[in-house]
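> Have a look at this prediction, sequence included:
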Amino acid sequence: VSTQSTGDFLAYIRYETDLEATRKERVALLKIKGKHTVSDHSIVKSILSLYRKAVKKFRGYMPLWDQYIAFAQEANVSKTMTKIFASALQMHPESVEIWVKSARWELDQLQNPSSARALFLRALRFNKTSLSLWLAYFEMELEVADKLASKRLELADTFVEGSEEGLSVFSGAIAISVFKYAVKECTLSAIDVFNFYQLAVKYSDRLEAVQTFIYDFVCQPEMLVDAYNFFVAKAAEAIKGFSPTSPSAVASIESCMRELNVALSSNNDSLSSTLISSVMNVLYVLMEAVKKDEEMVKLVSAKMNRIFQSAQENSCMTAELYLQWFNLNAQNTAKQSEILNSALQRFPESVELQKLELSATKSTDFSQVKATILGKLSYKGSQFDAVLAEIFACDAASCNYLLDMAYASIKYCRPVKECINYVLKHDSLEALLTLVDTSRLQAPFLMVLITCLMDSNLIAKPSVVKFLSKVTIFCSSTFKNDVDLSLLLAKASLIAGDLEMLTRVSSQSAQLEAFNRKFEELKASFY
């Protein structure tokens, strides 16, 4: 159903709603008091009637039902609400939101926990794997048990006060049963369980048994694969809104550290990179909160260093974790060097780690940078190209070390335009063309090289034309099926005005259908 088909109803309802708001304002302005009259209810009845007709015609349109229920709740029409919920649930039994609203209405407005419980049980017949529904039902049972425990309301007909059964209800036995069934019906993660736990914490004064039960459940190794996430979430909750000046600051930190220690030891005595990352996220939040307290910062840093060290010993560090560890020790260059060496041994092709290595050596001896770069030019893959691009991207003055590195990169045919542009800027075109080793030529490098020559407006120079002719002959046997390279050579020959090279390129790639189509488009753009 489109929203446009309900537009007339909604426009009429808005008009009536605005009219009712105006009536209330006039009554307040004129200070009219006394018995209720027909006008006090007639507009509300008219709006409800419009909604009733609208949902009857557009039964499947959920936003209309949501507005209908919201208006009826705001108008507090108790007698009508039950019928509205019944109609809505008959049409949309899969709507968890409506089931929850209906049950909460029974509990909050009608003070009828039995009806609310019955509604939740009916809802679970249709939506037994809905986590949000189980959470809402669990919270309702906690709330009911808390009220019973605090007021001991009219239990004589059902439970004998002082009996074991009565005491179990007061301690939240039904809520515990709900949690057990939720575990059975849903595949709960540790964070899902933590959401149940958080609800139990709200009523921990009188229902500590529920909180204890969930905590003991998580502590059983076979129950949750990611149990550590529960304890990490508890640690994060312990320092939520943390203030160093708060009287409970020390207790919050102790609680946080205690839960993190449990998390680190809960993963079947083995660490994982995911666990370490989760723990570090919490500790970084704590570090930020205590940054003005030097002693506390030292304590947290020491804790983080110990965890990183343990993770390294257990071979569960990632390149990202090594970067975090490196940055944590910004004031200790010796430690940073040790961390970086270990990281590069484990992840030699990590771009970020290589950038750190280069930045670290630049500050001491640039010749070491050159040695590092030259030692890695034979690496395959594009990771190292990003490192080279960053080095030559800056508009640096001519430097023998940089030129040597650029020369070597071009000789190895690294497809890095920044290296080529650096040589063009700080040496000469002839030097560049001399450097290119045709025995090592690769398609990615050729495309970058030709693009740089075109961008530099050097493509028409005789030395370049001669070079490109040589490349074209080379490509006719080696890269004859590379459509993109052939098109780029054709474009270069058009710009240079070399018809001989253009003819050679077009003839050697004429059998490629994709080339022919794009070549015609290329020529059309030039002529």
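Happy to help now that I have it.
> wait, what's in contact with Val201?
By Cβ atoms under 8 Å, 6 or more residues apart in numbering, the residues touching Val201 are Gln211. Bear in mind the C-beta positions are built from the backbone N, C-alpha and C, glycine included.
> what helix or strand is it on?
Remark: Val201 resides in helix 190-202, with elements defined by DSSP states H and E.
> Could you tell me the angle between the next helix-or-strand element following that helix and helix 190-202?
Using DSSP H and E, the helix or strand that follows helix 190-202 in sequence is helix 208-219. Relative orientation of helix 208-219 versus helix 190-202 (axes from the mean of the first three to the mean of the last three Cα atoms, to 10 degrees): 160 degrees.
> Buried ones in helix 208-219, by neighbour count?
By 16 or more other Cβ atoms under 10 Å, the buried positions in helix 208-219 come out as Ala209, Val210, Gln211, Phe213, Ile214, Phe217, Val218.
> again, but for stretch 105-113
Trp105, Glu106, Leu107, Pro113.
> Could you do stretch 240-258 as well?
Within stretch 240-258, the residues that count as buried by 16+ other Cβ under 10 Å are Phe242, Ala249, Ser252, Ile253, Ser255, Cys256, Met257.
> do the same with stretch 187-199
Neighbour counts over stretch 187-199 (16+ other Cβ under 10 Å) mark Leu188, Ser189, Ala190, Asp192, Val193, Phe194, Asn195, Phe196, Tyr197, Leu199 as buried.
> and what of stretch 55-75?
Under the neighbour-count criterion of 16+ other Cβ under 10 Å, stretch 55-75 has 55, 58-59, 61-62, 64-65, 67-69, 71-73, 75 buried.
> what ranges of the stretch 51-200 of the chain fall below the confidence cut-off?
By pLDDT under 70, the low-scoring segments of the stretch 51-200 of the chain are 152-167.
> and the buried residues of helix 208-219 as a markdown table, adding pLDDT?
What follows is these, written out as a markdown table (pLDDT from 0 to 100):
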| residue | pLDDT |
| --- | --- |
| Ala209 | 89 |
| Val210 | 91 |
| Gln211 | 91 |
| Phe213 | 93 |
| Ile214 | 93 |
| Phe217 | 92 |
| Val218 | 91 |
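> Just give me the neighbour total for Val448.
Residues within reach of Val448, counting by other Cβ atoms under 10 Å, total 21.
> Trp325 now?
Trp325: 25 neighbours (other Cβ under 10 Å).
> what does the model give the closest residue to it other than its chain neighbours for pLDDT?
Leaving aside its sequence neighbours, Trp325 sits nearest to Phe308 (Cβ to Cβ, 6 or more residues apart in numbering; 4.3 Å). Looking at Phe308, its pLDDT reads 94.
> residues in contact with Phe308?
Phe308 makes contact with Ile276, Met317, Leu321, Gln324, Trp325, Leu328, according to Cβ under 8 Å, 6+ apart.
> Please indicate which of the residues you listed has the highest neighbour count?
Counting neighbours by other Cβ under 10 Å, the top entry in those is Trp325, with 25 neighbours.
> Test my guess that it contacts Leu340.
No - the pair Trp325 and Leu340 does not pass the contact test of Cβ atoms under 8 Å, sitting 9.5 Å apart.
> what's the overlap in contacts for those two?
In contact with both Trp325 and Leu340: no residue, using Cβ under 8 Å, 6+ apart.
> and the longest helix belonging to the chain, how far from the chain's centre?
Across the chain, the longest stretch assigned as helix under DSSP state H is helix 7-30. Offset of helix 7-30 from its chain centre (Cα atoms, centre = their mean, to the nearest Å): 43 Å.
> In that helix, which residues are buried?
Phe9, Leu10, Ile13, Glu16, Glu20.
> circling back: as a markdown table, the buried residues of stretch 55-75 with distance to Glu143 and secondary structure would be great.
As requested, the buried residues of stretch 55-75 are arranged in a markdown table below (distance: Cβ to Cβ, whole Å; DSSP: H, G, I helix; E, B strand; the rest coil):
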| residue | distance to Glu143 | secondary structure |
| --- | --- | --- |
| Val55 | 30 | helix |
| Phe58 | 35 | coil |
| Arg59 | 33 | coil |
| Tyr61 | 32 | coil |
| Met62 | 27 | helix |
| Leu64 | 30 | helix |
| Trp65 | 26 | helix |
| Gln67 | 27 | helix |
| Tyr68 | 26 | helix |
| Ile69 | 21 | helix |
| Phe71 | 26 | helix |
| Ala72 | 23 | helix |
| Gln73 | 19 | helix |
| Ala75 | 25 | helix |
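> Determine which two of those are furthest apart.
By the measure Cβ to Cβ, Arg59 and Ala75 form the most distant pair in the buried residues of stretch 55-75, at 21.8 Å.
> Could you name the helices and strands sitting against the host helix or strand of Ile47?
Counting by DSSP H and E, the element that carries Ile47 is helix 39-57. On a contact count with 3 or more Cβ pairs under 8 Å, 6 or more residues apart in numbering; DSSP states H and E, helix 39-57 meets helix 7-30, helix 62-75, helix 78-91.
> downstream neighbour of the last one in the secondary structure list?
Meaning helix 78-91. Next along the chain after helix 78-91, taking DSSP H and E as the criterion, comes helix 96-108.
> That following helix: how far from the chain's middle?
Helix 96-108 has its C-alpha centroid displaced from the chain centroid by 31 Å (Cα atoms, centre = their mean).
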